[in-house]
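Chemist: show me the folded form of this:
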Amino acid sequence: QGQFVESGGGLVQAGGSLRLSCAASERTFNSYNIAWFRQPPGKEREFVASITMGGYNTVYADSVKGRFTISRDNAKNTVYLQMNSLKPEDTAVYYCAVGGWGVAPSAWHVWGQGTQVTVSS
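Modeler: Coordinates of the predicted model:
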């Protein structure tokens, strides 16, 4: 599955937007389902969204549905998470996960290093 790197995190006010990227160095990245998870301070890692290898099927957590959009550009070996209408409760470290399926972290095989998202009220 190679190496991949998350980017795009930062500090934003409530109601604002951020776009996270998960970029891979190998084209084999395009053969895998990709997910975003997040881990709020002091809490367990939780599922945010996932996308199939072809990009045709997506799944979202209820807490982000209608606000976040997961997409992928296989020509760029990159998966994106567009986050709109951000809330303070979206504050977390966001992780890209590769090669699994489902909402359980244990169902995913390879993880990125994470990127911090902080939403101020």
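
Chemist: next up, the contacts around the residue nearest to the spatial centre of the chain.
Modeler: The structure's the chain has its C-alpha centroid closest to residue 36; by Cα atoms, centre = their mean the separation is 2.6 Å. Contacts for residue 36 (Cβ atoms under 8 Å, 6 or more residues apart in numbering) come out as 20, 22, 48-50, 70, 79, 81, 94-97. (C-beta placed from N, C-alpha, C; glycine too.)

Chemist: tell me the most packed of the residues you listed, by neighbour count.
Modeler: Using other Cβ atoms under 10 Å as the neighbour test, the contacts of residue 36 are led by residue 79, with 30 neighbours.

Chemist: tell me the SS of that one?
Modeler: At residue 79 the chain is in strand, as set by DSSP: H, G, I helix; E, B strand; the rest coil.

Chemist: isn't it right next to residue 51, touching?
Modeler: Yes. Using Cβ atoms under 8 Å, residue 79 is in contact with residue 51, at 6.5 Å.

Chemist: how far does stretch 4-12 sit from its chain's centre?
Modeler: With Cα atoms, centre = their mean, to the nearest Å as the basis, stretch 4-12 stands 10 Å off its chain's centre.

Chemist: contacts for that stretch, please.
Modeler: Residues contacting stretch 4-12 (Cβ under 8 Å, 6+ apart): 18-25, 29, 81, 86, 94-96, 98, 110, 112-120.

Chemist: buried only: go through these for me.
Modeler: 18, 20-24, 29, 81, 86, 94-96, 98, 112, 114-115, 117-119 (16 or more other Cβ atoms under 10 Å).

Chemist: dump the residue contacts of residue 88.
Modeler: By Cβ under 8 Å, 6+ apart, the neighbours of residue 88 are 14, 119-121.

Chemist: before we move on, back to that, just the ones of the contacts of stretch 4-12 in strands?
Modeler: Using DSSP state E, the members of the contacts of stretch 4-12 that fall within strands are 18-24, 81, 94-96, 98, 110, 115-120.

Chemist: what does stretch 73-81 rub up against?
Modeler: The contact list for stretch 73-81, computed with Cβ under 8 Å, 6+ apart, reads 8, 19-27, 29-30, 34, 36, 48-49, 51, 55, 68-72, 94, 96.
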